[in-house]
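S.K.: Here is my input; please provide its structure:
(2 chains, ligands or ions: 3)
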Amino acid sequence: MSQAFTKSMARNIFYGGSMFFFLLLLVLTFDTVESLPKTDNRENLTEQVAKGKHVWENNNCIGCHTLMGEGAYFAPELGNVYKRMGNSKEAIIAFIKYRPKNGIPGRRSMPQFNLTDDELDAVAEFLKYVSEINNQNWPPNIQG
Amino acid sequence: MKYTSQMVAKPYFIAAIALFVGQILFGVIMGMQYVVGDFLFPEIPFNVARMVHTNLLIVWLLFGFMGAAYYMVPDEAETELHSPLLAKVMFWIFLAAGVVTILGYLLVPYATLAEITMNDLLPTMGREFLEQPTIIKIGIVVVALAFLFNIGMTILKGRKTVINLVLMIGLVGLAVFFLFAFYNPDNIVLDKMFWWFVVHLWVEGVWELILGSLLAYVLIKTTGVDREVIEKWLYVIIAMALITGLIGTGHHFFWIGTPGYWQWWGSIFSALEPIPFFMMTIFAFNMVNKRRRQHPNKAAVLWALGCSVMAFLGAGVWGFMHTLSFVNYYTHGSQITAAHGHMAFYGAYVMIVLAIISYAMPMLNGRKAANSMKAQIVEMWSFWLMTISMVFITLFLTAAGILQVYLQRMNGDASLPFMVVQDKIEIFYWMREGAGIIFLIGLIVYIASFFVGRDQPEAEMPK
Ligand code: HEM
Ligand code: HEM
Ligand SMILES: [Fe+2]
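M.R.: Ligands and ions are numbered 1, 2, ... in the order given. As a prediction, this is how the structure comes out:
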């Protein structure tokens, strides 16, 4: 790098630049948090949905699936599974409930989590809630 | 080695390599599960293998960063480490926490682990990369604080260099952003949004400072180029990293329920994120070309140069490929993401840790500057085996990803279900597994390099 461009200039760009853009990130973050009520479907965030999120987390569902495109890529997207299963909580519940304990020979299988009926309902409620978040129409189609 | 306290780096490096082996074994297991779905089911379900794989990665990289700091900071500050004892104690605590966590994943169902560690008191588990029980997360913070105190005190009492300062800023940032791991609201949109304050602001933010600092250190040591020049480069690189990377976080806020304006902010700024990686490549090659002396440790120079190239390819090129929102709309959460994640992590962070280990280990083992030529040749073989197989892992996953995106997302009403598509692209997963096994062989060769040629004289300083 040329001589006219000194180390202290470089240092100032580092401190000034990162400060500025860090503050800008804070401002944008703040604005986003303010405007989330318009998109995040919080009016439907019930006790049961919150409980469903804990079931989701405590069984590490994200270790195989994606949710709104984030997670693992081993098993189908679940952010829109409620819609894919024909807007049916029952279908989701039945699917989770009847996974064979020893899997399906030769195939990728979902474990049997032995959830209680209440946990099953909660996690289905959670997935329904997620499917109704306004996320700029992602995924492109129902297959996720 | 000028300061005896630098020796505390050694157990950190050894632990890092041991955990690296564990990471790759579980990578190979998962690669198998991708094609033989019931492989090890239900004993090791895929999600368990994945947690082990990714958490071991993070933990061994942290061991590597800490070892690097314990080696480099006293050398740069020209003084002994503040407390070698604290460093040793923290080593065992961190290792124990790591091993307990991995055993927990493997031995009990995850829900049971959540229950016995009382996750309900402060729920933080069950999110990608942050699967550790809350109590372990608290332990990580304690270890991080003790570590920062130790190297902070060392820096304060010694010579202040830009390299040390940048490392310190990076490490403090690492600890600070990890605190977002404790924020887990019921609102999934908020949860996801701030999750990226750990993950993105780590790998595309403060870790780049650590990377830049370690790279600069290895280059100063092996090329003898004037410190002023290297420090100027370092400042510009990390300036570009944060200027682009902070707002670049927005490339994760396209489709998670956050406002649409992030498609502009995220696309534009993250499209500039390759710049610092490109500069690192230019920097590394420039310094090696302008070297004022030859260094007998060829392997370390190879790792440093390789790191700069592979980081640019994995983070810069493969990152750019899917970072614009109209591309990401189709590629989001596909095998393209996995392809990029692998090459970026390997190129940037695995390789920089291996570079510093390569540079430091001979001295930690009582050599003057380098290993025997025989050991170095074996090490350089492992470099090529691992690096080339990682290139192929990335290429196969990219091919799988392109087909997946096309068949599942771009085919209008004829788009196929996820599992149907997975069957159709199976051949690429087989090839990925093949490349993965070569990677494992490369890693075994790497470990062998520590045991060969020990009785032979050090490599000569080339003329
Ligand atoms: C033998 C070589 C390897 C194989 C076969 C392998 C395989 C895998 C598989 C199957 C996944 C899960 C993908 C999914 O979620 O569906 C994964 C995830 C991951 N692996 Fe590896 N891996 C290998 C080496 C590595 C290395 C060397 C690194 C680090 C440099 C690494 C870093 C990661 C990361 C960061 C993830 C999470 C990816 C994401 O969320 O996009 N892996 N790996
Ligand atoms: C060394 C630096 C980097 C590392 C280690 C890294 C690693 C990763 C990993 C592991 C993921 C997957 C996260 C998940 O599991 O959801 C990811 C996602 C992503 N990365 Fe990077 N990355 C780096 C740099 C970059 C850069 C420089 C860019 C842009 C130019 C970029 C663009 C992206 C994008 C767009 C995604 C989201 C993919 C999706 O929508 O599924 N990354 N990165
Ligand atoms: Fe990112």
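
S.K.: Please count neighbours and contacts with C-alpha atoms only from this point.
M.R.: Noted.

S.K.: Where does the prediction get shaky in chain A?
M.R.: Along chain A, the parts satisfying pLDDT under 70 run over A:1.

S.K.: my guess is residue B:299 meets residue B:378, correct?
M.R.: No. Distance between residue B:299 and residue B:378: 9.4 Å, which falls outside the contact criterion (Cα atoms under 8 Å).

S.K.: In terms of neighbours, single out the busier of these two.
M.R.: Counting neighbours by other Cα atoms under 10 Å in any protein chain shown for residue B:299 and for residue B:378 shows that residue B:299 has the greater number, 25 against 21.

S.K.: so who does the more buried one touch?
M.R.: When contacts are counted by Cα atoms under 8 Å, 6 or more residues apart in numbering or on different chains, residue B:299 touches B:358, B:359, B:376, B:377, B:379, B:380.

S.K.: Going by neighbour count, which of these comes out on top?
M.R.: When the contacts of residue B:299 are compared by neighbour count (other Cα under 10 Å), residue B:379 ends up highest, at 28 neighbours.

S.K.: give me the element that residue is part of.
M.R.: Taking DSSP states H and E as the definition, one finds residue B:379 inside helix B:373-409.

S.K.: in that helix, what's buried?
M.R.: Of the residues in helix B:373-409, those with enough neighbours to count as buried (16 or more other Cα atoms under 10 Å in any protein chain shown) are B:373-409.

S.K.: now stretch B:123-142
M.R.: Applying a neighbour-count criterion of 16+ other Cα under 10 Å, the buried positions in stretch B:123-142 are B:123-134, B:136-137, B:139-142.

S.K.: Kindly report the same for stretch B:229-242.
M.R.: Neighbour counts using 16+ other Cα under 10 Å place B:229-242 of stretch B:229-242 among the buried residues.

S.K.: Same check on stretch A:32-39?
M.R.: Residues A:32, A:36, A:39 are the ones in stretch A:32-39 that count as buried (16+ other Cα under 10 Å).

S.K.: Export the residues you listed as JSON lines, with columns for secondary structure and distance to chain B.
M.R.: Output for these, formatted as JSON lines (DSSP: H, G, I helix; E, B strand; the rest coil; distance: Cα to the nearest Cα, whole Å):
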{"residue": "A:32", "secondary structure": "helix", "distance to chain B": "7"}
{"residue": "A:36", "secondary structure": "helix", "distance to chain B": "7"}
{"residue": "A:39", "secondary structure": "coil", "distance to chain B": "6"}
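
S.K.: re the thing from before, of the buried residues of helix B:373-409, which ones also sit close to ligand 1?
M.R.: Intersecting the buried residues of helix B:373-409 with the contacts of ligand 1 gives an empty set (criterion: Cα under 6 Å from any ligand atom).

S.K.: what does stretch B:173-188 contact?
M.R.: Defining contact as Cα under 8 Å, 6+ apart, one finds that stretch B:173-188 is touched by A:40, A:42, A:45, A:50, A:53, A:130, B:122-124, B:130, B:134, B:141, B:144-145, B:191, B:194-195, B:197-198, B:201-202, B:206-207.

S.K.: Stretch B:52-71 now?
M.R.: Contact partners of stretch B:52-71, identified using Cα under 8 Å, 6+ apart, comprise B:6-13, B:15-17, B:19-20, B:22-24, B:26-27, B:81, B:98, B:102, B:105, B:129, B:147, B:151, B:167, B:210, B:214, B:349-350, B:353, B:356-357, B:360.

S.K.: Ligand 1 versus the residue nearest to the spatial centre of chain B, what's the distance?
M.R.: With distances taken as Cα atoms, centre = their mean, residue B:349 lies nearest the centre of chain B, 3.4 Å away. In this view, residue B:349 and ligand 1 are 7 Å apart by Cα to the nearest ligand atom, to the nearest Å.

S.K.: Which residues are in contact with that residue?
M.R.: Applying Cα under 8 Å, 6+ apart, we find residue B:349 in contact with B:61, B:211.

S.K.: check whether the strand or helix carrying residue B:285 contacts chain A.
M.R.: Under the assignment given by DSSP H and E, the secondary-structure element containing residue B:285 is helix B:274-289. No. Under the criterion of Cα under 8 Å from any Cα of the partner chain, chain A is not reached by helix B:274-289; the shortest gap measures 9.7 Å.
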